[in-house]
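1. below: sequence and its predicted model.
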Amino acid sequence: MFYGSGPEKEEDVARIACPVYGFYAENDNRVNATLPTATELMKKPARPSNPKPTPRRPRFMRAGEAPDASAANKKARTKRGTRVKELLKKL
């Protein structure tokens, strides 16, 4: 997940049948406020998860591909893109 908040109820987690990895912007307070609850809920069915905020502003993946992207957003996008590819190879 790159955008949006995580699950908030056990019944939401029960419908998830795959690992969940979160790639969030560090200063997206609305979404990051939901991470502690989502992280605890994901532990119950022992699903892999990784909600680690990236030190960028929200939408860093989209902003990092823009022709006028800042160096920081390009770097964050490349780093997280590499991590996603590594995770997909394990599936």
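-> Nice, I can see it.

2. excluding chain neighbours, what is closest to residue 83?
-> The shortest distance from residue 83 to any non-neighbouring residue, by CB to CB, 6 or more residues apart in numbering, is to residue 23 (7.5 Å). Any C-beta I mention is one placed from the backbone N, CA and C, and that applies to glycine too.

3. quick one: the one you found from residue 17, how far?
-> Using CB to CB, to the nearest Å, residue 23 is found at 20 Å from residue 17.

4. show me which of those two is the more surrounded one.
-> Taking other CB atoms under 10 Å, residue 23 and residue 17 do not tie; residue 23 has more neighbours (22 against 7).

5. in three-state terms, label residue 24 for me.
-> Here residue 24 takes the strand state, with states given by DSSP: H, G, I helix; E, B strand; the rest coil.

6. pretty sure it contacts residue 33?
-> No. The pair residue 24 / residue 33 is not scored as a contact, 10.8 Å apart, by CB atoms under 8 Å.

7. sweet, I'm off.
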